[in-house]
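A.B. asks: Turn this into a model:
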Amino acid sequence: MWMLEGTNEVPDKAWQIFAVFIAVITSFILRPFPMGMMVLTGLVILVSSGTITISESLSGFADSTVWLVVAAFLLAGAMINTGLGKRIALWLVSKMGKSMKGLAYAICGSELILGTVMPSNTARGGGIHAPIVNSLAHSLGSYKTEHPDKAGIFLTLVGAHANLIAAAMFMTGMAANPLVTKAVNEVFGIDFGWGTWALGSIVPGLVGLLLLPHLIYYLAPPSITDVRLARKEAVQFLDDMGPMSRNEKIMAVVLVLLLILWTTKFLHGIGTTSVALIAVVLLLLTKAQKWEDMIKNEMAWDTLVWLGGLLTMANLLLKYGFIQWFVNNVQGLVGSLAGLTAILVLGIIYFYSMYAFSMLTAHIASMAGPFLAVCLAVNGQPYIAAAVFAYFSCLCGCMTNYSSGPIIIYFGLGYVKAPRWFSVGFIVSIFHLVIWIGVGLLWWKILGWW
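C.D. replies: Numbers count the residues shown, from 1 in each chain. As a prediction, this is how the structure comes out:
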């Protein structure tokens, strides 16, 4: 691609940055090396070739979005380390696990609660819920090699898809969600922050979580209905944990404070990133978390490298004219459509393009900004465009068994074979589109977004 510079209307420097950017995104899909390493390699190539300066290559690392995500991972690690996340999940199972659908609703409810305050869907789904789902299936006599249809298939599919709905409902439900918020702000100049994001998603999201267990029950019905053993096991786990520890109590108070500050920004003016960092510092000052635990959080610091580098390249593509060229060309394809129609067509294309990606982050980083720019060019309603691409960015992970960390972990439990995962995933994708376009548009009309 680099050698094709000058063969189109893109400025040479923008084309060179784009070539490296595509190489980095492709490496995310093929995964020859870790993400952070490939982003760093891309930046070194751009600097050593004289395409950008060293100062430009480091510009993305100072972005507040990057540090919001880092803080998110640190908070997610604290949820696991203190045991509060596991306690919440087990408590819900013990209270709601009176039937197989009750277990499913317990998983959905836990995802909903933890999604508000635990910004890593991998830590939430893979670190907390997947092990619990596996344990529940075993307690019901369902194993990946023996009787997976008893409970394992059903619970695995509910857990995986509930994780993505919860990730879509909150700006901090998935680590890369703030990338969409940043893109919306840069393209439309509006603040699609935590409160606005949650307000727009609450109705379609709750509808999705309420109906999901019924859909999965129809698509993958469990062969048993008596789940008293699983509920008993959850109660036993809770008993083994004992009363809430000091660190759990501090974690709970900090999370409540987080929610209050995030939802009352209009009163105090403290930004989302600042609030998240305040929470991290409070955990350290109260010794609920040790600094040694924070610096051992590999996911946080790895994310700092790859996300900061990706933002650098994305910002430079905008600065040097590539995004404008892309917008002008795609606008020609949808320019005859009305604003709302164009947004929905682009949103559906964006949704199903996820088949080509093995990570939600790569999908968001490479496509969300340019597609939003096209929405602006065709006079699309800003808040509808923001909502469609914000929520679809997570929901589209339903289709494959390789779309994100928690999905890979749930699939790795071994209950669901790949062909069935794809067939169920496609039906769930239609389920999401019907709810989020149907119920969503009606709700957003009530909110005055269009």
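
A.B. asks: which residues of the stretch 251-400 of the chain fall in helices?
C.D. replies: When assigned using DSSP state H, counting those that start in this stretch, the helices of the stretch 251-400 of the chain occupy the ranges 265-268, 272-285, 291-295, 298-319, 322-334, 339-352, 360-377, 382-395.

A.B. asks: For the residue nearest the centre of the chain, what are phi and psi?
C.D. replies: In the chain, the C-alpha closest to the average C-alpha coordinate belongs to Met174, at a distance of 2.9 Å (Cα atoms, centre = their mean). Geometry field for Met174 lists phi and psi as phi -150, psi 140, criterion degrees, to the nearest 10.

A.B. asks: State the distance from the closest residue to it other than its chain neighbours to His161.
C.D. replies: On the basis of Cβ to Cβ, 6 or more residues apart in numbering, the spatially nearest residue to Met174 that is not a chain neighbour turns out to be Ala167, at 3.9 Å. C-beta coordinates here come from the backbone N, C-alpha and C atoms, glycine included. Distance, Ala167 to His161, using Cβ to Cβ, to the nearest Å: 11 Å.

A.B. asks: got it, and Ile52?
C.D. replies: Noted for Ile52: a distance of 41 Å to His161, by Cβ to Cβ.

A.B. asks: Looking at the two, which has the bigger crowd around it?
C.D. replies: Set side by side, Ile52 and His161 show unequal neighbour counts under other Cβ atoms under 10 Å, the larger going to His161 at 29 against 22.

A.B. asks: OK, contacts around that one?
C.D. replies: By Cβ atoms under 8 Å, 6 or more residues apart in numbering, the contact set of His161 is Leu212, Ile216, Cys398, Val428.

A.B. asks: can we see that at 10 Å?
C.D. replies: When the contact criterion is Cβ atoms under 10 Å, 6 or more residues apart in numbering, the partners of His161 are 107-108, 111, 208-209, 212-213, 215-216, 395, 397-398, 407, 410, 424-425, 428, 431-432.

A.B. asks: Could you do Tyr352 as well?
C.D. replies: In this structure, Tyr352 makes contact with Phe392, Cys396, Met399, Phe426, Ser429, Leu433, judged by Cβ under 10 Å, 6+ apart.

A.B. asks: of those, closest to Ser274?
C.D. replies: Nearest to Ser274 among those is Phe392, at 28.3 Å by Cβ to Cβ.

A.B. asks: Against Ala342, how distant is that closest one?
C.D. replies: Here Phe392 is placed at a distance of 15 Å from Ala342 (Cβ to Cβ).

A.B. asks: One more: Ser403?
C.D. replies: On the measure of Cβ to Cβ, Ser403 and Ala342 end up 26 Å apart.

A.B. asks: Same check on Glu9?
C.D. replies: Separation of Glu9 from Ala342 (Cβ to Cβ) stands at 23 Å.

A.B. asks: For the two, indicate the residue with more neighbours.
C.D. replies: A side-by-side neighbour count of Glu9 and Ala342, using other Cβ under 10 Å, places Ala342 first with 22 against 10.
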